[in-house]
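Trainee: Compute the structure for the input listed below.
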Amino acid sequence: MAEKYTQEQFWKLYEKLPQELRDAIFSEETSKNIWEICERNNIKEISKIGKYTGRVLLGILPPDEFQETLEKELKLKKDLAKKVAREINRFIFYPVKTSLEEIYKIPVVPPPAGLKVAPAPKEKSVTPPEKDIYREPIE
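Mentor: Model prediction:
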């Protein structure tokens, strides 16, 4: 991620964001989640994880490039980057999924045309015979 942004450019991007993403960027819960994820995974560069998480929320870094960015920029091993990315996705990106889909123009794809779901089979009603010839009379 070699692109450099000025503080002014960041604020312009921020001002165009949906309110949900604005709230997530400065949320105490987001910070707490990043800190806890870094602690669990013995990562010391908490501010860098926060930086790239913020870039996803700002619309600069696509969520599907987040793990790769952690590998390249923080020199994390692939399995560790995958674990951290999965946790950040779960705790930070997933709650604002709709807004992220909006800014990244990720289409929500309907099922393919022509795909039909078969209706559930109807149960046949069975009427018992009037007299059960196999039962003994009760005395």
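Trainee: Nearest residue to the middle of this structure?
Mentor: Centroid check for the chain by Cα atoms, centre = their mean gives residue 94 as the closest residue, at 3.1 Å.
Trainee: Now do it against residue 100, distance only.
Mentor: Distance of residue 94 to residue 100, computed by Cβ to Cβ, to the nearest Å: 9 Å. Just so you know, the C-beta spots here come from the backbone N, C-alpha and C atoms, and that holds for glycine as well.
Trainee: and if you look at residue 46?
Mentor: For residue 46, the distance to residue 100 equals 22 Å [Cβ to Cβ].
Trainee: got it, and residue 67?
Mentor: Noted for residue 67: a distance of 15 Å to residue 100, by Cβ to Cβ.
Trainee: likewise residue 14?
Mentor: 15 Å.
Trainee: who has more neighbours, residue 46 and residue 100?
Mentor: Per other Cβ atoms under 10 Å, whichever of residue 46 and residue 100 has more neighbours is residue 100, with 21 against 14.
Trainee: Which residues belonging to the helix or strand hosting the more buried one are considered buried?
Mentor: If you go by DSSP states H and E, residue 100 is part of helix 97-104. Going by neighbour count (16 or more other Cβ atoms under 10 Å), the buried part of helix 97-104 is 99, 100, 103.
Trainee: what does stretch 7-25 give?
Mentor: Neighbour counts over stretch 7-25 (16+ other Cβ under 10 Å) mark 13, 14, 17, 21, 22, 24, 25 as buried.
Trainee: All the strands of this structure, in order from the start?
Mentor: Ranges of strands in the chain, per DSSP state E: none exist.
Trainee: contacting residues for the residue lying closest to residue 21 once chain neighbours are set aside?
Mentor: Excluding the flanking residues, the one nearest residue 21 by Cβ to Cβ, 6 or more residues apart in numbering is residue 99, at 4.9 Å. For residue 99, the contacting residues are 17, 18, 20, 21, by Cβ atoms under 8 Å, 6 or more residues apart in numbering.
Trainee: Could you provide the residues you listed in CSV, with additional columns for pLDDT and distance to residue 89?
Mentor: Formatted as CSV, these follow (pLDDT from 0 to 100; distance: Cβ to Cβ, whole Å):
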residue, pLDDT, distance to residue 89
17, 90, 19
18, 90, 18
20, 92, 16
21, 91, 15
